[in-house]
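>>> predicted structure and sequence below. I'll ask about it afterward.
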Amino acid sequence: STEALVRAPLPRELLKVLGPQSGSKAAAFTEAFLGSSLQRPGNHDLKNLLTHKAVILGYARPKKQKTKRSSKRAKGLTAQQKKALKVFQIRPEHQRYELFLPLHDLWRRYVLDLCAGLKPTCSPQFVQQKLLKADLHGAIITVVRSKCPSYVGQSGILLQEFKHVFKIITREDRLKVIPKRNSVFSVEVNGFVSHIYGSRFEQRASERSAKKFKVHGSIDL
Amino acid sequence: MALQLKDKEAHQRLNYLYQAAHCVLAQNPKNVELARFYCFTQKTIARRLVLRQDPSVKRTLCKGCCTLLIPGVTATTRQRKKRKTSFTVVRCLSCGQTKTFQNNPDYRLWVERPEAQLELQEQAKGMISQNPLRCRSNSSIKVTPT
C-alpha cells in the first residue's frame, strides 16, 4: 500500500509549485550546478602549470606543532601566543561607556569599605594612605595637569593600568591611552578629591601593593 | 595579629579584582580580555605578596591564560570516565587548557579539614611570640657571609 502512495500522482494544487520545471530553466540550472560542483579537466591549465610552476608530487601532511612540554601541565602562554590571542586588548565593539558603569559602582563600594565608611571626619592623610595601596580599576579619573595640553581635561572610567600608561574610556565611548609621566590625575570619592602624580606612579598595578612609597619634598611635573 | 592586619588591604584588593572580573563578564560576556586582565593582576599581586588564595577561587581561573572560567561562557564542563572513576573536565575556550577534577563526594580539601584550622592557629600564635626573635636572627645571618 505504501508503494502505491509513493507512486500516486501529485495533487493538482501542488503541481505548479513542486512539479518539474520547464526545459530551458532546468537545463540552465543543471549546467550551473555541474559547473560549480565538478572539477574541470583543464588540459591547458595543466600544461601551463607544468612549464611555469614547481609541482609537488608527493602530498605531505602539514606538520603538527611540536610542543616540548607535556600538554597536561599548564605553564602559561608564550609571548607568541599572547600576541596572537591579543590577551589584554579590549576590542572596539566592547568599548561602550555604559557597560562599565556597574564596574564604577562596584569600585565606589570597594573604596567605601576600604576606608571604613569614608565619613567627612576622616583625615585626608588616612584616606590617601588607603588609596595609595587601593586598586584604581573602575575609578573615574580626570587629567588635571599635564605637560601635553591636549590631555588636560580628559576624564573617564579607568579600565586598565599598565606600567607607563592608563587606559580610560570616556563618556563618548572612546578608549584613551594616557601616559602617566608628566601628568597629574585626580580621583574623586564622596567629596574627597585626591591627586595622583603620574611620574611617581610609574609601575605596574600589581607592584604597587607590595612597594613602599618614599616621601618626596617637592614634585614637579 | 599585626601581620594579618597588614595584609587586609591586599586581601580586599584581591577580592575587588575578582568581583570586578565577574562584573565585567556579567555586563558583556564577550569581553574576556578585560576580565582576564583583572584576574592576571589578582594573580600577580597574590604572587608578590605571597598570599594564599582559596581553592574555590583558584579553580575558577585558567592556569594557562588567567581567564575567569564560567561554564558556558568562557569554559565548557564535561563529564569523562576512565576505568570506573569519573571526572569533571573544565576546558578554557580561549586557550584550550583543561582542568580535571575527580568526582568524589567524600574528598575533603586540606583547607576544609579540621587539622588545617588547628595548624593555622598555631602558626598565628608562633608569629606573635617569635616575631622580634626572627628579626634578630635574620640580621645575624646577613652579617656572617661578609
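Received the coordinates, thanks. Just so you know, these numbers come straight off a predicted model, no measurement behind them.
>>> can you tell me the closest non-neighbouring residue to B:Q102?
Using C-beta to C-beta, 6 or more residues apart in numbering or on different chains and skipping residues adjacent in sequence, the residue nearest B:Q102 is B:F87, 5.6 Å away. (Glycine included, C-beta is placed from N, CA and C.)
>>> hey, what's the one you found bridged with?
For B:F87, the beta-bridge partners are B:R80, B:Q102 (DSSP bridges).
>>> quick one, what contacts it?
B:Q79, B:R80, B:K81, B:T100, B:F101, B:Q102, B:N103 (C-beta atoms under 8 Å, 6 or more residues apart in numbering or on different chains).
>>> check the last one and give its pLDDT.
Right, B:N103. B:N103 is assigned a predicted lDDT (pLDDT) of 88.
>>> I'd say A:K211 and A:R204 touch.
No. With contact defined as C-beta atoms under 8 Å, A:K211 does not reach A:R204; the gap is 9.9 Å.
>>> more crowded one of these two?
Counted by other C-beta atoms under 10 Å in any protein chain shown, A:K211 and A:R204 do not tie: A:R204 has more neighbours, with 15 against 12.
>>> for A:L158, helix, strand, or coil?
Following DSSP: H, G, I helix; E, B strand; the rest coil, A:L158 is assigned to strand.
>>> now do the same contact list for it.
Residues in contact with A:L158, defined by C-beta under 8 Å, 6+ apart, are A:L136, A:H137, A:G138, A:A139, A:I140, A:I141, A:F166, A:K167, A:I168.
>>> name the helix or strand for the spatially closest residue to the third one that is not a sequence neighbour, please.
Closest residue in space to A:G138, ignoring its immediate chain neighbours: A:W107 at 3.2 Å, by C-beta to C-beta, 6+ apart. Per DSSP states H and E, A:W107 falls inside helix A:101-114.
>>> A:S24: what secondary structure?
Here A:S24 is recorded as helix under three-state DSSP.
>>> for chain B, which segments count as helices?
In chain B, the segments counted as helices under DSSP state H are B:2-27, B:32-48, B:55-58, B:114-143.
>>> for the record, mean pLDDT for the second one?
What that stands for is helix B:32-48. In this model, helix B:32-48 carries a mean pLDDT of 88.
>>> tabulate the CA atom coordinates of it in PDB.
What follows is helix B:32-48, C-alpha atoms only, in PDB (Å, rounded to 0.1, in the frame of the first residue of the first chain):
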ATOM      1  CA  VAL B  32      37.000  38.200  28.000                       C
ATOM      2  CA  GLU B  33      40.100  40.400  27.700                       C
ATOM      3  CA  LEU B  34      39.300  42.800  30.500                       C
ATOM      4  CA  ALA B  35      38.200  40.100  32.900                       C
ATOM      5  CA  ARG B  36      41.400  38.300  32.000                       C
ATOM      6  CA  PHE B  37      43.400  41.400  32.800                       C
ATOM      7  CA  TYR B  38      41.900  41.700  36.200                       C
ATOM      8  CA  CYS B  39      42.400  38.100  37.000                       C
ATOM      9  CA  PHE B  40      46.000  38.400  35.900                       C
ATOM     10  CA  THR B  41      46.600  41.400  38.200                       C
ATOM     11  CA  GLN B  42      45.000  39.500  41.000                       C
ATOM     12  CA  LYS B  43      47.300  36.500  40.400                       C
ATOM     13  CA  THR B  44      50.400  38.700  40.300                       C
ATOM     14  CA  ILE B  45      49.500  40.500  43.500                       C
ATOM     15  CA  ALA B  46      49.000  37.300  45.300                       C
ATOM     16  CA  ARG B  47      52.300  36.000  44.000                       C
ATOM     17  CA  ARG B  48      54.200  39.100  45.000                       C
END
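>>> tell me the gap between that helix and the middle of its chain.
Put simply, helix B:32-48 sits 11 Å off its chain's centre (C-alpha atoms, centre = their mean, to the nearest Å).
>>> in that helix, what's buried?
B:32-46, B:48 (16 or more other C-beta atoms under 10 Å in any protein chain shown).
>>> that one vs helix B:2-27, what angle?
170 degrees (axes from the mean of the first three to the mean of the last three C-alpha atoms, to 10 degrees).
>>> contacting residues around helix B:32-48?
Outside helix B:32-48, the residues that touch it by C-beta under 8 Å, 6+ apart are A:86-91, A:94, A:135, A:137, A:159-160, A:204-207, A:209-210, B:10, B:13-14, B:17-18, B:20-22, B:24-25, B:51-53, B:61, B:65-68, B:74, B:94.
>>> return the residues in contact with A:V87.
A:L77, B:E33, B:R36, B:F37, B:F40, B:C65.
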